[in-house]
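Undergrad: model this:
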Amino acid sequence: MKKNILASTIALTLLANSAIAHSPKTADETVTIYGSATSAQAATGAAQYIGEEELAKFVYSDIQRVIRQIPGVSVQVEDGYGLRPNISIRGVATERSGRITLLEDNILIAPAPYSAPSAYYFPTIGRMSAIEVVKGPAAITQGPYTIGGALNMVSTPIPETRGGQVTLEAAQDATYRLHANFGDKLDNGFGYLIEAHQWQSDGFQDIDRSDINTGLDVTDFTAKLAYAPTNSAHSVELKLQMTEQGSEQSYLGLTDVDFNQKSTRRYGLSELDNISTEHSQVILRYGFEINSNLNFTATAYNNEHERNWFKTEGIDFDGSDNAQDFSRNSWANVISALNNNESLNGISTTQLQGILDGDIDTAQGSIQLRSNAREYYSRGVQFGLYWDQTIGEVKHQLEVGLRVHEDEEDRLQRNSTYQQVNGKLQLNDFGELGNAGNRIQEAQALALHVYDRIEFGDWVLTPGVRFEDIQQKRTRFNDGETRTFRDDRENDTQVVLPGLGALYKMDDNWTLVAGAHKGFTAPSNSPNVREEKAINYELGFRFANNTLNAEAIYFLSDYDNLLGECTASSGSNCEIGDAFNGDAATVQGIEFILKTALTEFNGIRVPLSITYTYINSEFDTDIADTAFFGDVSAGDSIPYIPENQGQISLGLEANNWSVYANAVYVDEVCVRASCAVFEKTDSSLTLDISGNYQVSNELKLFARIENLTDQQDIVSRQPYGARPNKTRTFSVGAQYSF
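TA: Purely as a prediction, here's the structure:
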């Protein structure tokens with residue numbers, strides 16, 4: 001790999017010094033992929049940009065509600081607040097958003113994107129100024145996960161003039177949010193921004209026999225410093241960001257019977273469940289305008305994340321503290337047994353339900369809670385070279401990117417045992433440190449991409465290629481705080497990913513787009529597991545005039561191998577960290593989006609937005625019963641990918657007030673390929689409304705009702721049982737700009 005890094009660096013340096021070599025980029029401009037809705041609409045494939053104006057309509061703090069505005073994106077709801085969302089793009093696995101490239105300010109943001117990509121940290125959406133999604137061939141510039149695409153969240157920029165903003169919001173369930181920022185850009189080129197975001201809630205669920213809430217407490221601070229003198233070719237920006245989060249969240253859901261009686265119930269066995277996290281980010285960017293056509297950027301980044309999710313895992317009925325018994329009697333299996341009205345390893349349904357209800361005391365040491373403590377880092381440097389030049393009648397915007405990256409996940413976890421007495425948990429044995437996981441997973445990666453936007457006449461072509469060289473390793477240690485070597489394993493991957501996008505302007509309104517690229521998902525360090533690969537195609541059109549914008553894209557992902565990776569949140573009976581080959585699969589569908597203004601009367605505008613996605617996802621081969629996918633037959637649907645989903649947003653806009661209604665429909669989905677009776681979610685239709693009133697140039701008041709009809713559906717069955725969407729929630733707030 002060192003030879004590859006050296007060769008790529010030499011090649012990049014030679015190109016930087018050559019006479020040929022994208023529009024000029026300063027350090028602060030590299031935080032976005034497109035930077036505007038107009039630029040996204042000019043892409044040779046499907047790309048969407050949600051800016052500040054759109055985000056301000058509902059002032060959401062939940063990424064799950066924001067992201068459903070984008071066609072092709074699916075969400076598996078887990079906690080109702082979007083703290084750790086499960087996002088899919090174009091049918092890739094939803095679980096912990098681990099199959100899409102997650103970025104904040106164009107920097108990889110998952111705790112360990114290569115070695116442990118599950119997004120147990122997700123940026124605070126309430127402080128973002130824009131959301132970008134890129135799909136199709138252009139995704140090869142953002143890797144490493146290029147089958148579905150990339151999601152980039154753009155943080156608050158340094159303002160052009162001195163000023164700031166304060167947003168205060170209050171909602172039901174003792175929910176409060178404060179967002180404040182202030183900054184300036186001086187004449188000498190120096191700029192700064194300071195920002196704080198505080199979000200807390202008691203939650204919408206209730207724990208049996210407990211006064212502990214089910215809410216959250218998130219504190220977020222950001223600072224930015226920049227220096228870009230007017231007449232200088234150099235620019236630099238430093239970003240410092242820190243987040244602390246505590247949330248009383250659990251993996252334990254409900255049986256269907258209990259869900260139907262009270263969907264917001266939490267079993268008392270989950271009373272102690274909570275997750276605490278600390279996250280920090282440092283980004284240093286440098287930009288150098290070599291000449292009017294050629295720019296160079298360099299970015300160094302370091303993300304650190306620490307988490308401890310303390311949660312109940314399962315039960316050993318006789319209290320023998322047998323690890324195998326805890327696994328066999330996981331809460332997922334208990335819920336499944338009750339749903340199917342079956343005993344579990346000799347324990348009757350009456351006894352199982354009595355344990356969940358707190359009516360039956362359990363043996364000493366019978367209930368296991370795990371301290372899922374992990375530390376992560378993700379760091380690296382990335383370089384970009386942008387050349388913008390017209391040669392004859394052909395315009396080139398060439399981008400060359402190089403990233404050298406390393407990341408690590410360090411698990412040192414503990415199982416403790418409890419018993420239930422009079423409906424309360426009592427500690428029996430704290431347990432030995434490391435008895436629930438004692439290992440390090442690490443990865444080193446080199447990524448290189450070359451991407452050229454070539455414009456001539458009515459055509460735009462974007463050929464590109466991405467190269468990834470990834471080394472992954474896992475080292476396990478014996479139980480105990482003093483680590484002694486147990487075993488290790490490695491997996492090395494090199495892949496070349498070509499792609500080509502095309503755009504043809506038929507006339508002033510109609511545009512055809514098409515593309516093909518080789519998509520890729522890195523395998524884990526699990527032996528004999530192949531990387532996930534797919535050949536991806538898209539074909540569609542755009543229409544735009546003064547009153548209407550529409551886009552329809554057909555896409556097809558032809559998988560050579562669909563990868564399944566076991567995590568605790570998958571709810572599967574497999575060893576955490578192992579991966580499984582899903583063999584061939586086909587995902588195809590249609591993405592449609594339309595935006596228009598229906599009419600205007602008495603100065604009132606009526607904007608309409610419609611988003612629809614159809615996805616047909618199927619396994620192409622039979623696979624014997626697996627611990628991850630279940631028993632797969634050719635034609636079975638890939639879990640958690642809805643066939644139909646859509647959104648309709650309708651508004652009334654006057655000069656100083658606006659009202660919007662947003663309806664989202666999502667089909668039922670199978671949570672496992674076998675799709676048995678209790679392996680499906682409910683279809684759901686959710687209606688949100690919002691209103692905004694501009695009191696003055698500085699002051700805006702807003703109100704919002706989420707889930708107006710208080711619809712209660714099973715929106716997920718993982719990790720362990722049925723889970724609800726958030727109940728009807730009323731919010732009011734004020735935003736002051738100065």
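
Undergrad: strands along the stretch 401-550 of the chain, start to end?
TA: Ranges of strands in the stretch 401-550 of the chain, per DSSP state E, counting those that start in this stretch, are 414-421, 424-429, 438-456, 459-477, 485-505, 510-521, 532-544, 548-561.

Undergrad: for residue 189, find the nearest of those strands.
TA: strand 438-456 (29.6 Å; C-beta to C-beta). (C-beta placed from N, C-alpha, C; glycine too.)

Undergrad: buried ones in the closest one?
TA: 438-455 (16 or more other C-beta atoms under 10 Å).

Undergrad: mind checking which of the strands of the stretch 401-550 of the chain is nearest residue 173?
TA: strand 424-429 (24.2 Å).

Undergrad: out of the strands of the stretch 401-550 of the chain, flag the one nearest residue 46.
TA: strand 548-561 (4.7 Å).

Undergrad: strand partners (parallel or antiparallel) of the closest one?
TA: According to DSSP bridges, strand 548-561 has the following sheet partners: strand 532-544 (antiparallel), strand 585-601 (antiparallel).

Undergrad: winner for burial among those?
TA: Mean neighbour count (mean count of other C-beta atoms under 10 Å) peaks for strand 532-544 among the strands paired with strand 548-561, with a mean of 20.

Undergrad: what residue ranges in this protein score low on pLDDT?
TA: Scanning the chain for pLDDT under 70 picks out 1-28, 563-583, 624-630.

Undergrad: apply 80 and report the result again.
TA: 1-29, 527-530, 561-583, 622-631 (pLDDT under 80).

Undergrad: quick check: residue 126 vs residue 217, distance?
TA: 14 Å (C-beta to C-beta, to the nearest Å).

Undergrad: cool, residue 135 as well?
TA: Applying C-beta to C-beta to residue 135 and residue 217 gives a distance of 35 Å.

Undergrad: what residues are up against the most centrally placed residue in the chain?
TA: The centroid of the chain falls nearest to residue 97 when counting by C-alpha atoms, centre = their mean (4.3 Å). Residue 97 sits next to 85-88, 110, 118-119, 122, 151 when contact means C-beta atoms under 8 Å, 6 or more residues apart in numbering.

Undergrad: quick one: contacts for the nearest residue to residue 724 once chain neighbours are set aside?
TA: Sequence neighbours aside, residue 263 is the residue nearest to residue 724 in space, at 4.1 Å (criterion: C-beta to C-beta, 6 or more residues apart in numbering). Residue 263 sits next to 254, 712, 722, 724 when contact means C-beta under 8 Å, 6+ apart.

Undergrad: I'd say the first one and residue 721 touch.
TA: Yes: counting by C-beta atoms under 8 Å, residue 254 touches residue 721, with 5.1 Å between them.

Undergrad: identify the contacts common to the two.
TA: residue 335.

Undergrad: note down every partner strand of the host helix or strand of residue 375 and its orientation.
TA: Using DSSP states H and E, residue 375 falls within strand 367-391. If you go by DSSP bridges, strand 367-391 pairs up with strand 294-315 (antiparallel), strand 394-412 (antiparallel), strand 414-421 (antiparallel).

Undergrad: redo the ones you listed as a markdown table? Include mean neighbour count and distance to residue 348.
TA: Output for these, formatted as a markdown table (neighbours: other C-beta atoms under 10 Å; distance: least, C-beta to C-beta, whole Å):
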| stretch | mean neighbour count | distance to residue 348 |
| --- | --- | --- |
| strand 294-315 | 21 | 14 |
| strand 394-412 | 20 | 36 |
| strand 414-421 | 20 | 17 |
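
Undergrad: nearest to residue 595, of those strands?
TA: strand 394-412 (26.4 Å).

Undergrad: kindly export the closest one (C-alpha atoms) in PDB.
TA: What follows is strand 394-412 as a C-alpha-only set of coordinates in PDB (Å, rounded to 0.1, in the frame of the first residue of the first chain):
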ATOM      1  CA  VAL A 394     -15.000  22.000 -25.200                       C
ATOM      2  CA  LYS A 395     -15.100  23.000 -21.500                       C
ATOM      3  CA  HIS A 396     -13.300  20.700 -19.000                       C
ATOM      4  CA  GLN A 397     -13.800  20.700 -15.200                       C
ATOM      5  CA  LEU A 398     -11.400  18.100 -14.000                       C
ATOM      6  CA  GLU A 399     -11.200  17.000 -10.400                       C
ATOM      7  CA  VAL A 400      -8.400  14.800  -9.000                       C
ATOM      8  CA  GLY A 401      -8.700  13.600  -5.400                       C
ATOM      9  CA  LEU A 402      -6.500  11.600  -3.100                       C
ATOM     10  CA  ARG A 403      -7.300  10.500   0.500                       C
ATOM     11  CA  VAL A 404      -5.100   8.700   2.900                       C
ATOM     12  CA  HIS A 405      -7.100   7.500   5.800                       C
ATOM     13  CA  GLU A 406      -7.000   5.300   8.900                       C
ATOM     14  CA  ASP A 407      -9.700   4.400  11.500                       C
ATOM     15  CA  GLU A 408     -10.200   2.200  14.500                       C
ATOM     16  CA  GLU A 409     -12.800   0.800  16.700                       C
ATOM     17  CA  ASP A 410     -11.700  -0.400  20.200                       C
ATOM     18  CA  ARG A 411     -14.100  -2.500  22.200                       C
ATOM     19  CA  LEU A 412     -13.600  -3.300  25.800                       C
END
